[in-house]
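Q: what's the 3D shape of this:
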Amino acid sequence: MVDSIGDKFLVRDFDDSRDIEVVGKLEKNCEIGSNNKGTSIFTNMIGDPLCRIRFYPLHLMLVAELRENGELVGVIRGCIKHVGTKFGGTHVKLGCILGLRVSPRHRRIGIGLKLVRAMEEWLINNGAHYTFLATEKNNIASTNLFTAKCNYSNLSSLDILVQPISFVMEGLSQDIKVEKLNIDQAISLYDNKLRGKDIYLTDIDAILKEKLSLGTWVSYFKQDEWIGLHSKEKNNEDIISTSPGSWAMFSIWNSCEAYKIHIKKSHPLKFFHETLSHARDKIFPCLKIPICDSLEKPFGFLFLYGLHGEGERLGELMKSAWSFASRLAENVKDCKVIITELGVSDPLMEHVPQESSISRIDDLWYLKKVNGSISDEDDLGMMGELGNVVVDPRDF
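A: From the prediction side, this is the model:
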């Protein structure tokens, strides 16, 4: 796929035989944040620029290069995923756009727009019903690009929650039990519970079986027996029918193995807080971690996904999930942070631990209908803002 763009640059497919090193340098130049005190942050793809889209059967990476000297000045990633909605029985093909980068020296001349349009063309040709992307709320440049120039509309508002593991939460309550589910149990619970979400993942079974998924756990009070978890009959329906009055479940994705974050500084700083400049790199505006030598090395995070819970004492169980994840993260190489993301109208939002060390950043999802086969009554864009959604850990 090669598409001419004016006289100065062109868009072409990523070529791993010659572009890996160059894309790595471009990512480094497109820092998430930099300031006049010598601090900069960038994503370290650990030699795999496709790491955030590789888990999808249909994925593509495009690059923009100058015609005169072949310099690579932009990159964009895309993939197609299937999701379900509570509004109808038809599964939807979302064409996801992520990882847009343009070299700082070549911005505001249309490269980003051309990359987006080239990726949209590929997604449409591969059957996407909608094109979809995410950006932080205060990223005005991205918001203007996608809404004013590309006709996207707001689909959902979410909060990204960040907990540095260096801030130790209270230990697990002696009254709470946390148990790991086997794959079949996890799939059964998710298939039953997540379908009530505005948007849910139809291939949750494939996600749970990926090597980066460390497992799925449930937490409940020891005084409440959960008979179905230990039934010798191995009837997964019993897990649902015998669930206790209050319980929570969560899965953990090891993003440390996919990509890492790298901070560099030229001299010591007493504090750090930066605004993100790219769509899906949302971590550091939240971090309340002083820059020290240990953080100058690339490090990663664990991502909590598939969060669900029920019952009057859900707040205590959610806190236990955070505590458990923090303890687990201590044994994961290079992990410094745990993160999750919830829609603003997700019922779990009111049960998120109110710890001073947990920070938030506003995230926005945008959508554009590109295939007329979806009827108006099933059109996601006609449903208003959807705030109770399942976040995919693979492309966070």
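Q: the spatially closest residue to Asp395 that is not a sequence neighbour: what's it in contact with?
A: In space, and not counting its chain neighbours, Asp395 is closest to Arg52: 4.9 Å by C-beta to C-beta, 6 or more residues apart in numbering. C-beta: built from backbone N, CA, C; applies to glycine. Counting by C-beta atoms under 8 Å, 6 or more residues apart in numbering, Arg52 makes contact with 77, 98-99, 258-259, 280, 394-396.
Q: now, those that are in strands?
A: 77, 98-99 (DSSP state E).
Q: just checking, Leu367 touches Met383?
A: No - using C-beta atoms under 8 Å, Leu367 makes no contact with Met383, being 9.9 Å away.
Q: more neighbours, those two?
A: Between Leu367 and Met383, counted using other C-beta atoms under 10 Å, the more crowded position is Leu367 (21 against 16).
Q: distance of the more buried one relative to Gly384?
A: Separation of Leu367 from Gly384 (C-beta to C-beta, to the nearest Å) stands at 12 Å.
Q: could you do Leu181 as well?
A: 34 Å.
Q: have a look at these two and say which one is more surrounded.
A: Remark: of Leu181 and Gly384, Leu181 carries more neighbours, 21 against 10, as counted by other C-beta under 10 Å.
Q: Thr143: what's it in contact with?
A: Neighbouring residues of Thr143 by C-beta under 8 Å, 6+ apart: 135, 137, 364.
Q: of those, select the buried ones using a ChimeraX command.
A: Provided next is the ChimeraX selection string for whichever of the contacts of Thr143 are buried by 16 or more other C-beta atoms under 10 Å:
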select :135,364
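Q: report the lowest-confidence entry in the contacts of Thr143.
A: In terms of pLDDT, the lowest of these is Lys137, showing 82.
Q: give me the three-state assignment for the residue lying closest to it once chain neighbours are set aside.
A: The shortest distance from Lys137 to any non-neighbouring residue, by C-beta to C-beta, 6+ apart, is to Asp362 (3.7 Å). Following DSSP: H, G, I helix; E, B strand; the rest coil, we place Asp362 in the strand state.
Q: going forward, the N-terminal residue is numbered 75.
A: Fine by me, first position is 75 from now on; the one you just mentioned is Asp436.
Q: tell me, how many neighbours does Asp436 end up with?
A: 14.
Q: settle this for me: it is touching Asn213, isn't it.
A: No - in terms of C-beta under 8 Å, Asp436 does not count as a neighbour of Asn213; the distance is 10.0 Å.
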